[in-house]
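**Q** Model the following, please.
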Amino acid sequence: MPPRLNKRQQRELEELEALNVGKSSRVADVSSGSDDEPGPSQRRGAFSTFLPTNNNELPSDDDEEEEVKTGKKKKSKKKKKPITAEIANPDVAKVKESTKTSRTSTPPPVRNEKKALKKAKAKEKKAANDELDQALAELSLQYPASQKISQTDSGKHSLADLLSVSLQHLDGDAEMRKFFGSRVVQANKTSESSNRKRVPTVRSHLTRPQPTWWAAKGREGLSLRPLSDEEVDEKLKRHMWAPIQEKWWTVEYSKKYKSMTKAFMETVQSGDPQGFWDLLGTLPWHADTILQVSEVYRHREEHAQAIDFIDRALFTYERSFIGSFTFTSGLNRLDFDHVENRPFFLALHRQITDLQRRGCVRTAFEFARLMYSLDPWEDPHGALFHLDFLAIKSGMQQWLLDLFDVFNDRRRDAENKEDARLDPTILPGWAYARALALRISEVGAKNPDHSNSSSALQEAVRDFPSIVPLLADKLDASLPAGMRAHRDFKIEIDNMSLSVPMGALHLLTHLYVQRSAPIWKEHSSWFSSTITEAFSALPTSLPVTERRQRFLSQYGTVKACYPVYRHIMVLETSFRRLFSFIPRQVMEAKSLACDPLPPPTTVNQYDQAFFRGVDDLYSPRVRSRRQRANDDRRLAQLIPDAAFRQQLQAFFEAHPHFAERFPQGILQFAQMAGQLPPDVLEDLMLVEAVNAPGPAGGMPGGLDNMQDEEERMVEINFVERGDALPALVHRGQEVEEDIEEGEEDEDDDEDEDEIISPMPRVLRNILGRFWGRAAPEESSSEDEALLDNDGVD
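**A** Numbering: from 1, shown residues only. Below is the predicted model of the structure:
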């Protein structure tokens with residue numbers, strides 16, 4: 001059959017037929033009065049002259065097969081259709097005949113050829129699959145240990161799959177729009193950014209870059225590199241871990257970034273919050289400074305600004321994560337022992353806390369999973385203590401159950417029995433969260449059998465009974481008689497009488513109950529009935545179960561409990577009362593907010609060894625001849641007056657302590673002076689002139705032998721007539737050598753004041769000329785004395 005015509009071809013055919021119909025009105029009446037429309041065969045025949053007769057452009061085999069199936073029906077319809085159009089237009093009939101002859105002249109392909117083509121295509125697909133299987137086999141031979149992590153077995157999820165982050169759920173604003181609508185979420189942002197210019201958006205998975213942020217240029221001094229094999233081996237030895245297939249990375253600082261970090265540490269020790277803003281003016285994308293500014297806003301309860309700066313810190317680090325380091329593989333790790341990586345962990349932890357405050361539990365869960373995937377074997381910031389609550393709250397209870405099963409299978413593996421890596425199944429919160437997750441799954445599936453969840457809850461109570469009374473108080477649930485008086489169900493409020501592992505156990509008990517009590521409200525009756533049924537009669541002491549013993553062994557030392565203590569320190573405002581469970585030596589240890597509780601296995605930290613060879617950010621640097629020439633040219637453009645420029649340079653060179661504040665030299669000082677009000681600049685220079693150190697311990701102004709070292713008293717020496725006065729330090733200041741006879745002591749005092757304070761008058765003249773004011777006229781000595789007595793000196 002001829003190919004089907006598209007709409008354009010049909011329209012052209014209709015126009016051709018309309019022209020032929022216009023020649024004969026009789027044929028037009030017949031065609032218009034016909035009930036049946038022209039068949040597709042007629043239209044194809046009339047337009048077939050425009051179709052190519054090349055064999056390559058004939059209909060495909062599949063189309064012909066479909067048309068053969070319906071050939072009988074179409075033939076019956078053709079017999080009923082009128083042929084008046086062919087009679088009226090003999091040209092159309094000729095075209096149809098020519099088309100038929102052209103179609104019949106080329107026989108259709110044989111079915112055997114079709115089968116051969118299909119077999120060839122199948123062979124090509126099979127060959128492609130074989131090549132892919134061969135490549136995977138080669139990788140499995142090269143990395144045999146990865147089969148235990150990355151591949152799934154019998155429908156179960158692997159650890160890498162469970163640690164893979166969903167990038168679409170890292171947007172807290174998107175989650176808020178689902179609850180409140182886009183208009184409510186965008187109301188404040190539109191009012192804030194309406195007067196600002198739009199800047200090109202930068203791609204980011206962790207944040208949404210805002211137009212108010214600083215311009216992003218390059219990586220701002222941060223780079224990423226994988227750990228060498230030697231470094232990985234050393235890390236495994238420090239933590240007593242068995243090797244498995246995973247990739248460890250670390251961030252590195254550039255020389256400029258290190259100098260900025262050194263200035264940041266000096267600002268932290270000074271305790272001046274304004275210094276952080278000065279640092280951001282030099283390097284806006286310094287993560288430690290950004291996080292510290294965020295803390296300042298948080299203490300002021302300005303949460304919107306605090307969130308904004310946390311996003312900037314995350315964005316700073318994300319720009320250094322390139323290459324094969326992705327959040328979706330579940331196999332990339334970030335070494336917490338390197339101090340360069342800890343700001344990113346801290347930023348993630350604060351982001352998780354703030355997302356929970358805003359109610360974005362699904363986004364908070366995804367960020368917690370990201371933080372956990374970066375170091376699941378030590379969990380330095382306690383991401384698992386967030387996940388036992390967030391997994392239930394966000395509806396991800398199946399993820400919690402799958403992760404629980406993965407670690408149960410891993411523990412049964414003989415190769416990993418001696419491994420010291422952290423196992424979340426030994427945590428008290430995860431034991432109770434598993435029972436609650438099973439209960440929610442049973443209720444969601446409308447399963448009347450709750451034996452699995454009830455047995456899981458009973459097992460959790462036997463392992464960690466201290467949670468029961470605390471949770472029952474929060475839920476107002478009744479407990480069996482005598483349970484509260486039992487020593488295993490005793491509530492502890494501090495670690496004064498507890499060992500280190502027991503103190504960590506009770507700390508995590510209070511932490512889980514305080515955070516997860518609201519999600520147990522709907523299941524309080526099941527909680528109460530299950531405990532009453534299983535623990536109506538209690539022995540003198542509950543036996544120590546395997547899970548409890550493994551927990552006490554995992555947290556047997558103070559250093560092993562550092563992740564737990566660090567988690568509480570970051571959540572300082574919400575869980576301050578839990579500080580009583582932290583040992584005194586840990587609280588008194590040297591720790592900063594930018595690096596809370598460094599790990600005992602740390603490789604480096606912000607100390608002298610880390611900053612060795614790094615230039616001071618604010619120290620005056622030796623500038624080249626070309627740089628000095630450029631500075632002189634720009635300074636001449638800024639200050640055209642040559643005399644005033646020389647005086648300003650003399651003042652700048654005469655006060656080295658003042659020059660240290662301006663690393664870029666006098667040009668930076670001149671630019672700053674042009675932006676400051678006159679009174680502020682005058683006070684600044686006056687204070688520097690007065691506090692400038694004199695030579696050899698003398699007083700400012702160069703007056704030697706006028707300060708007694710023992711009595712700290714100013715001694716005024718009167719001079720006889722004709723004696724010379726002490727020399728002045730500042731050049732250009734002349735004194736009269738002739739003193740009138742018979743001067744009183746008051747006049748001598750005025751002369752002494754005039755000798756001590758020539759510099760402020762010079763500074764005042766300089767400032768007057770700098771700000772466009774005329775220099776004061778020369779006045780008599782009496783006027784100068786009166787001016788000094790007004791308090792300038």
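**Q** would you put the C-alpha positions of the helix or strand containing Ala174 in PDB?
**A** Using DSSP states H and E, the element containing Ala174 is helix 172-180. Taking only C-alpha atoms (Å, rounded to 0.1, in the frame of the first residue of the first chain), the coordinates of helix 172-180 have been written out as PDB:
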ATOM      1  CA  GLY A 172      14.500  23.200  52.800                       C
ATOM      2  CA  ASP A 173      12.500  25.900  51.000                       C
ATOM      3  CA  ALA A 174      10.900  23.300  48.700                       C
ATOM      4  CA  GLU A 175       9.700  21.400  51.700                       C
ATOM      5  CA  MET A 176       8.300  24.500  53.300                       C
ATOM      6  CA  ARG A 177       6.500  25.300  50.100                       C
ATOM      7  CA  LYS A 178       4.700  22.000  50.300                       C
ATOM      8  CA  PHE A 179       3.300  22.900  53.700                       C
ATOM      9  CA  PHE A 180       2.700  26.600  53.400                       C
END
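**Q** which other helices and strands contact it?
**A** Using 3 or more C-beta pairs under 8 Å, 6 or more residues apart in numbering; DSSP states H and E, the elements in contact with helix 172-180 are helix 182-193, helix 342-358, helix 361-374. In short, each C-beta sits where N, CA and C put it, glycine included.
**Q** now that helix and helix 342-358, what's the angle there?
**A** 10 degrees (axes from the mean of the first three to the mean of the last three C-alpha atoms, to 10 degrees).
**Q** List the contacts of helix 172-180.
**A** Applying C-beta atoms under 8 Å, 6 or more residues apart in numbering, the contact partners of helix 172-180 are Gln168, His169, Val185, Arg208, Leu355, Arg358, Gly359, Cys360, Arg362, Thr363.
**Q** Mind checking the pLDDT average for that helix?
**A** Mean pLDDT, helix 172-180: 82.
**Q** Need the worst-confidence member of the contacts of helix 172-180.
**A** Least confident by pLDDT among the contacts of helix 172-180: that is Val185, with 65.
**Q** what about the strands in the chain?
**A** Taking DSSP state E to define them, one finds strands in the chain at 222-226, 247-253, 332-334.
**Q** looking at the ones you listed, which is closest to Asp641?
**A** Checking these against Asp641 by C-beta to C-beta gives strand 247-253 as the closest, at 43.9 Å.
**Q** Name the residues of the closest one that come out as buried.
**A** Trp248, Trp249, Thr250, Val251, Tyr253 (16 or more other C-beta atoms under 10 Å).
**Q** dump the residue contacts of the residue nearest to the first one when sequence neighbours are not counted.
**A** Counting by C-beta to C-beta, 6 or more residues apart in numbering, Trp248 lies nearest to Leu227, which is 4.3 Å off, once chain neighbours are set aside. Shown in contact with Leu227 (C-beta under 8 Å, 6+ apart): Lys235, Trp248, Trp249, Thr250, Asp335.
**Q** So Leu227 versus His338, what's the distance?
**A** 9 Å (C-beta to C-beta, to the nearest Å).
**Q** joint contacts of the two?
**A** By C-beta under 8 Å, 6+ apart, the residues touching both Leu227 and His338 are Thr250.
**Q** distance of the nearest residue to Asp631 once chain neighbours are set aside from Asp616?
**A** In space, and not counting its chain neighbours, Asp631 is closest to Leu667: 4.7 Å by C-beta to C-beta, 6+ apart. Using C-beta to C-beta, we find Leu667 at a distance of 19 Å from Asp616.
**Q** neighbour count winner among those two?
**A** Leu667 (18 against 14; other C-beta atoms under 10 Å).
**Q** Now that that one has come up, it's in contact with Gln637, right?
**A** No: using C-beta atoms under 8 Å as the test, Leu667 is too far from Gln637 to be in contact (10.2 Å).
**Q** thinking again about what came up before, what angle do helix 361-374 and the helix holding Ala174 make with each other?
**A** Angle of helix 172-180 versus helix 361-374, following the same axes, to 10 degrees, is 150 degrees.
**Q** Which parts of helix 172-180 count as buried, going by neighbours?
**A** Gly172, Ala174, Glu175, Met176.
**Q** Would you mind measuring from Val164 to Met176?
**A** Not quite, residue 164 is Ser, not Val. Taken as C-beta to C-beta, the span from Ser164 to Met176 is 24 Å.
**Q** same deal with Leu374?
**A** 26 Å.
**Q** returning to what we had before: which among the buried residues of helix 172-180 gets closest to Ala263?
**A** Nearest member of the buried residues of helix 172-180 to Ala263, counting by C-beta to C-beta, is Gly172, at 32.4 Å.
**Q** Highest mean neighbour count out of the helices and strands packed on helix 172-180?
**A** helix 361-374 (a mean of 24; mean count of other C-beta atoms under 10 Å).
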